[in-house]
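Asker: could you look at this predicted model? Sequence included:
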Amino acid sequence: MKNKKGFTLIEVLISLTLLSLVLMALYKSAETLRKSNIHLFDYLQKSTNSLKGSRTLLMDIMRADNNITINTEEKFHRLTLENTANSLYGQAQAKVVWLVHKKENTLLRVEGGAYDIPLKSEQHVNIDIIAKHIELFKIYKSKTKTKILVMIKVKNREPQIFMSQNLQLEPPKKQQQKPTKPNSNIK
């Protein structure tokens, strides 16, 4: 009798069974990883959406001169930056106002040249809607005027609190030069 070397039917069936168990385990882990990535992507997308306005507000404050006014209007604050270099619309220097509109408690960023609130029909500004359903928008300036604390709370989201430090102090006033007397010794 010839001695044939090969696999028996039972050995092939056992190896196919083991292979199918390994593939099922790999498929289960790949599916779990895919669901985890989708969940993480959704979380990061929501987080990114809620932080866009905060980053812009921080940059507005950091790139502003010290002409910053904070007004309390009912339960929200209004922040006025008379002159900031952080323009979303290509202006060299912009006046920016952050306020909460009564309709749906909408946080707005108003950017333009020289304008007043309430706006007049001839004034041109750009208005960005940052978030709706604002529950808290408070801004506090330190006594030294070098720090600003910002607190923002949007309904059904975590509150955002940040502090901007080492703000630019008012630029030194330019000293007027005294008129020089003509030199009488020159002939």
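Answerer: Now that the structure is in, tell me what you want to look at.
Asker: just list whatever residues bridge to the nearest residue to Ala114 once chain neighbours are set aside.
Answerer: Once flanking residues are discounted, Ala114 sits nearest to Lys95: 6.5 Å by Cβ to Cβ, 6 or more residues apart in numbering. From N, CA and C alone the C-beta is placed, and that goes for glycine too. As for beta bridges, Lys95 partners with Gly112 under DSSP bridges.
Asker: does Lys95 touch Ile117 like I think?
Answerer: No - between Lys95 and Ile117 there is no contact, the gap being 10.0 Å when judged by Cβ atoms under 8 Å.
Asker: more neighbours: those two, which one.
Answerer: Lys95 (21 against 13; other Cβ atoms under 10 Å).
Asker: mind pulling up the pLDDT for that one?
Answerer: Note for Lys95: predicted pLDDT of 92.
Asker: list the contacts of it.
Answerer: With contact taken as Cβ atoms under 8 Å, 6 or more residues apart in numbering, Lys95 is in contact with 80-84, 111-115.
Asker: out of these, which sit inside strands?
Answerer: With strands defined by DSSP state E, the entries of these inside them are 80-84, 111-112.
Asker: which of the residues you listed are buried?
Answerer: Under a neighbour-count criterion of 16 or more other Cβ atoms under 10 Å, the subset of these counted as buried comprises 80-82, 84, 111-112.
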